[in-house]
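Visitor: Would you be able to build a 3D model of this:
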Amino acid sequence: MGRILNVSTLVLLVGLMGSGLTAQTDAAQPAALPTIDQVLDKYTAGSGGRAALEKVTSFRATGTIQIPDVGVGGSIELLQKAPNKASTVVELSGIGRQRDVFDGTIAWSEDPQNGVREKIGVELAEARRGATFGRELKMKSMYKTLTVKGREKVGAREAFVVEGVPDEGSPIKLFFDVESGLLVQQSGSRTSPQGPIEVTVTFEDFRAIDGVQRPFTIRQATSMFTAIIQLTDITHNVPIDDVVFRKPGF
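Guide: Now for the predicted structure:
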C-alpha cells in the first residue's frame, strides 16, 4: 500500500500551487476558438489580475486528503516560495509522512518505504516546472509550445482545451473555463518510480484570497486511486525558511 500511495505519484500543483513559446497565430486558429494569448490573458484576469498576483511571493495551504478507494486519509501541507521552491507534506493515517520537494535546484521525495530519493531526468524537469511560482503569469515560460485545441466540458461547464508541450516530459492538456478564464482541470502523464502514470487534476471551489482566486478542492485521479484534497486555510506572503526545502543530509 505504501508504494501505491507514494505522494510522488500525485501531481500537486501548488502554484494556486522549458523556455520560449511557439504560439499559434490568429490565422491558424479555428474561427470559433480564441488565440492562445486571449486564453492566457483571460486566465490572468480571472485569477485576480497581474497586480494582485505579483504581490504574492509565498504561499502556505493546509487541509485534509482522503483516498476513498483504500479508505485512507490524513493531513496535507503545501508550501511554495518564489521563484521556484515547493514542498508537499502528507501525513497518512497508518502509513506515515511523505514529502515531495523542489529546493530550486534539487528535487527529492521521502516516504517510510523508500526513504529519501533524489529525482533526475524527466522527473526533475517535471518537479522544476511544477514548482514555478505564479504560473498564472508564466505559462509561456513553462511550455515550449501552447496550442488551443478546442472546447470540452469539465463537469457541466465549457472549457477551452490547450495543449502544452514542455522541453522535457510529456504534453499536457490544460482546461480553461470559458466564462471565468480559470484553469479548472489538467491531464497528462507523470513520471514515477513505477513508470508513467496518467493523472487528471480538477480544481474546484475557487475563493478569493487577497484578491487572488484559489481552489479549495483539488481532485487527483489516476488509474490506481483518486485523492481528494480539501484545503481549509490558505495564506499568502508567509515567511518560509529555505531549510524546509533542503534535502536531508545537505
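Visitor: Helix or strand: which one has the nearest residue to D111 once chain neighbours are set aside?
Guide: Spatially, and ignoring its direct neighbours in sequence, D111 is nearest to Q98 (4.3 Å; CB to CB, 6 or more residues apart in numbering). To be clear about C-beta, it is placed using only N, CA and C from the backbone, and glycine gets the same treatment. Element membership of Q98, judged by DSSP states H and E, is strand 96-102.
Visitor: Can you pull out the low-pLDDT segments for this protein?
Guide: 1-31 (pLDDT under 70).
Visitor: Just give me the longest strand of this structure.
Guide: strand 197-209 (DSSP state E).
Visitor: Show me what it packs onto, helices and strands only.
Guide: Contacts defined by 3 or more CB pairs under 8 Å, 6 or more residues apart in numbering; DSSP states H and E place strand 197-209 against strand 183-190, strand 212-221, strand 226-236.
Visitor: Would you format the ones you listed as JSON lines with distance to G134 included?
Guide: Compiled in JSON lines, these are given as follows (distance: least, CB to CB, whole Å):
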{"stretch": "strand 183-190", "distance to G134": "13"}
{"stretch": "strand 212-221", "distance to G134": "10"}
{"stretch": "strand 226-236", "distance to G134": "11"}
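Visitor: could those strands go into a markdown table alongside mean neighbour count and distance to R129?
Guide: Output for the helices and strands packed on strand 197-209, formatted as a markdown table (neighbours: other CB atoms under 10 Å; distance: least, CB to CB, whole Å):
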| stretch | mean neighbour count | distance to R129 |
| --- | --- | --- |
| strand 183-190 | 20 | 11 |
| strand 212-221 | 19 | 17 |
| strand 226-236 | 17 | 20 |
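Visitor: just so I know, which of those lies nearest G71?
Guide: Counting by CB to CB, G71 lies closest to strand 226-236 out of these; the figure is 12.5 Å.
Visitor: Walk me through which strands the closest one pairs with, and which way each runs.
Guide: strand 58-67 (antiparallel), strand 212-221 (antiparallel) (DSSP bridges).
Visitor: Out of the ones you listed, flag the one nearest A52.
Guide: Using CB to CB, the nearest of these to A52 is strand 212-221, at 5.3 Å.
Visitor: now for stretch 235-246, what's the gap between its first and last residues?
Guide: 22 Å (CA to CA, to the nearest Å).
Visitor: How far does the longest strand of the chain sit from its chain's centre?
Guide: 8 Å (CA atoms, centre = their mean, to the nearest Å).
Visitor: do the same with stretch 149-156
Guide: The answer for stretch 149-156 is 19 Å, by CA atoms, centre = their mean.
Visitor: how about it: buried residues?
Guide: V154 (16 or more other CB atoms under 10 Å).
Visitor: Return the alpha-carbon coordinates of it using CSV.
Guide: Coordinates of each C-alpha in stretch 149-156 appear next as CSV, following Å, rounded to 0.1, in the frame of the first residue of the first chain:
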residue,chain,number,x,y,z
LYS,A,149,-7.1,22.6,-29.5
GLY,A,150,-10.9,23.0,-29.0
ARG,A,151,-13.6,23.1,-26.4
GLU,A,152,-14.7,20.3,-24.0
LYS,A,153,-16.9,20.1,-20.9
VAL,A,154,-15.4,19.8,-17.4
GLY,A,155,-18.4,18.8,-15.4
ALA,A,156,-21.2,21.0,-16.5
